[in-house]
Structures are given as structure tokens and as C-alpha cells.
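**Q** Give me the fold of what follows.
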Amino acid sequence: MLRQQDVGHRIVVRRIVGIREGRPLFSDALGELVELNETHITLATDQGRVQVPRDEVHRAKRVPAARRPTAAAVIALELAADQAWPAPVRGRLGDWLLRSAEGWTGRANTALPVGDPDRPLPAAVDAVERWYADQGQPAMVNTPLPLATPVGAELDARGWTARPLTLVQTVPLDRLLARLPVAAPGTELATAPSAEWLAVAAGRKGGLPDAARHVLTAVDRLRFAHLHVDGTLAAVARGTVTGEGRWLGLSMIEVVPGFRGRGLARRVLRALADWGADSGATDVFLQVEQRNTPAVTLYRSLGFTTHHTYLTRVAPA
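**A** Numbers count the residues shown, from 1 in each chain. A predicted model of the protein is given here:
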């Protein structure tokens, strides 16, 4: 039987889907265990998120992991992503990072528990809770899976909740370039976002406090993509190069309503991919909620695969 310690690991669930001639019919689901509660087992599979009612489960067990990145590779990518989305208020707890940005986006307002917190795990979580209380914010922790599974178990014991699963996806830059259309006129790359660009970002993220401008712009190597159609800003995106120059990070990819379905996202991504290649990057990463099916489908078509996942955990009020 599965336990909370299995969250973040690969499992198989055999469920009963019907009865034929007096015998049960079974269906198997294979994926990463995302949530385990009294009523459901939730998995992230290659086909999407699957929720299995407990009363339909015939058997469920942990299985050997598929080929996974090493812990060092997960930590390196998480740190590159942190450099690409820098919170203005920062602290450290041993190797753990503490980040605050006036509540703007989860990534910039969570602790990142990678490495050694330099104290026992319960004391580390206590310290995280105190640090965020001092910021006047709810305590939140991003738990890369399965790397931070022990942290997740401690948070479960304290009643912390989880936001939807986020996929950290990667692709070699040359492979991405091969799947994108050749650069076309109309996309401008700038070292700073225009007022129009910021307005699109504010509409997507629900406002832009001062901390948000720091998160968006306080990176040494970055570009803001602006794509205009007939004089109107139709699509935007943001690119960064971090992780000692290896990683092109893509974020804030947005096509304005009314211009969707025309392939404009691919055009802004092409412009940023060309810039990343010229800047010496060799690999690309982005982060996307697993439930965002249109975006996940687009990125899959461009060759992205899931490097690892994380859950944003939130302390009880």
C-alpha cells in the first residue's frame, strides 16, 4: 500500500474499471505520485494528470524510477531557474534559499530546499515559517520531486497544502531551433520591457508591484520579445541566460487574445532561441503547470520533455 513517503516517486495503480461475465476488468496507470489522500490517488502521467478514486484501486505500488536526472543536475537547474527569476528579498538557511517578492508569483516567494539547511529538518521548517512571518507573508516551499520528498513528508505532517504540479521541462537548444519556423520580421528583442509588454504581463499576473519589476529585469543577460501585428502588440516572451551560460530560460510566453491560433508563440520563441544560441547557451528550460494542457501540448511538439517536477507547498493559515 502507498504511503505519504511515496509522493514524488513513480508508481503503478491498477484500478477496477468494470465487470464482465462476473470478473473484474482492470486498467493500469503509471506515473509520478502527486497526491495521496483518503479518497483519491493522483498521478502525473505522460498523458496528463490522472485521479483514481480509492474505492476503484485494486493494487498500487511503487516501481523503479524511469531514467531520472541526478540530484546534482536537479539542483543545478533549480539554481539556474532561481537566477532567471530573482526575488529582491533573499535569505539563506544553510544551502536553502529563502525568497520574497511582495507575493508576486509563487516562484519568487518560496523557500527552495536544495542542499543542507545546516540543522535538523523540523528545525529548518520552523526557521522557514519564522522567516516568512517576519516578511508578513504565508510560508511557502517549492519541493523539487523526488529530491525534496523528505521535506514534503515533513510538510504533510504539519498540514501544509499543495498547489498544482509544475513541470520543469528542457530541450537541447539545437533541437528546439530545428522545430521552430525560420525567424520572420516583426519580432523585436529589447533589453528592457516596453510599457505595452508590462501591461500584458500585468494582465496575466494580476498586477505588477515594484518587486515584480525586479524579478523581471534584474538578470544580467536577458531579452524581452515583442511581436507586433499591424502595429498592435500581439505576443510577448522573456528569455534569460543563466547557469554559467548553459541555460536559456523561457518565461512570460503570452499571445494576446484575438491573435491566438496564428503560430505567434513559435515566432517569439524563435527570436529568443536565436538570441540564446548567439549568447552561447546550449540547453533550454521552462516551467509550466501540468494542468495547462494547451501549453504542455505546444512544448511537447517543440521537443520539450520533463526534467523534474515540483510542488509549491503552502503553510496552513
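**Q** drop to CA atoms for contacts and neighbour counts, all remaining ones
**A** Will do.
**Q** can you give me the helices in the stretch 201-317 of the chain?
**A** Using DSSP state H, counting those that start in this stretch, the helices of the stretch 201-317 of the chain run over residues 210-217, 264-278, 293-301.
**Q** ranges for the helices of the stretch 1-150 of the chain?
**A** Applying DSSP H, counting those that start in this stretch to the stretch 1-150 of the chain gives helices spanning 71-84, 121-135, 149-157.
**Q** Ser100: which of these is closest?
**A** For these, proximity to Ser100 was assessed by CA to CA; helix 121-135 is nearest, at 7.6 Å.
**Q** Need the mean per-residue confidence for the closest one.
**A** Regarding helix 121-135, the rounded mean pLDDT is 98.
**Q** residues making contact with it?
**A** Under the criterion CA atoms under 8 Å, 6 or more residues apart in numbering, residues 93, 98, 100, 111, 117-118, 138-139, 151, 154, 315 lie in contact with helix 121-135.
**Q** what's the offset of that helix from the middle of its chain?
**A** 23 Å (CA atoms, centre = their mean, to the nearest Å).
**Q** Tell me the buried residues in stretch 64-84?
**A** Applying a neighbour-count criterion of 16 or more other CA atoms under 10 Å, one finds 74-75, 77-84 buried in stretch 64-84.
**Q** can you count the residues close to the residue nearest to Gly103 when sequence neighbours are not counted?
**A** For Gly103, ignoring the flanking residues on the chain, the nearest one in space by CA to CA, 6 or more residues apart in numbering is Asn109 at 5.9 Å. Other residues near Asn109 come to 26 when the count uses other CA atoms under 10 Å.
**Q** next one: Ile19
**A** Look at Ile19: counted by other CA under 10 Å, it has 10 neighbours.
**Q** what ranges of the stretch 151-300 of the chain fall below the confidence cut-off?
**A** Low-confidence segments of the stretch 151-300 of the chain (pLDDT under 70): none present.
**Q** Who are the contact partners of Arg221?
**A** When contacts are counted by CA under 8 Å, 6+ apart, Arg221 touches 240-242.
**Q** phi, psi of it?
**A** phi -120, psi 100 (degrees, to the nearest 10).
**Q** Could you do Gly243 as well?
**A** Main-chain torsions, Gly243, degrees, to the nearest 10: phi 60, psi 50.
**Q** For it, give me its contacts.
**A** Remark: with contacts taken as CA under 8 Å, 6+ apart, Gly243 is in contact with 76-77, 79-81, 83.
**Q** try 6 Å this time
**A** Taking CA atoms under 6 Å, 6 or more residues apart in numbering, we find Gly243 in contact with Ala80.
**Q** Neighbours of Thr232, how many?
**A** As a burial measure, Thr232 scores 11 neighbours (other CA under 10 Å).
**Q** again, but for Gly106
**A** When neighbours are counted by other CA under 10 Å, Gly106 comes out with 18.
**Q** The closest residue to it other than its chain neighbours pairs with what?
**A** Closest residue to Gly106 apart from its sequence neighbours, by CA to CA, 6+ apart: Thr312 at 7.3 Å. Beta bridges link Thr312 to Asn142 when assigned by DSSP bridges.
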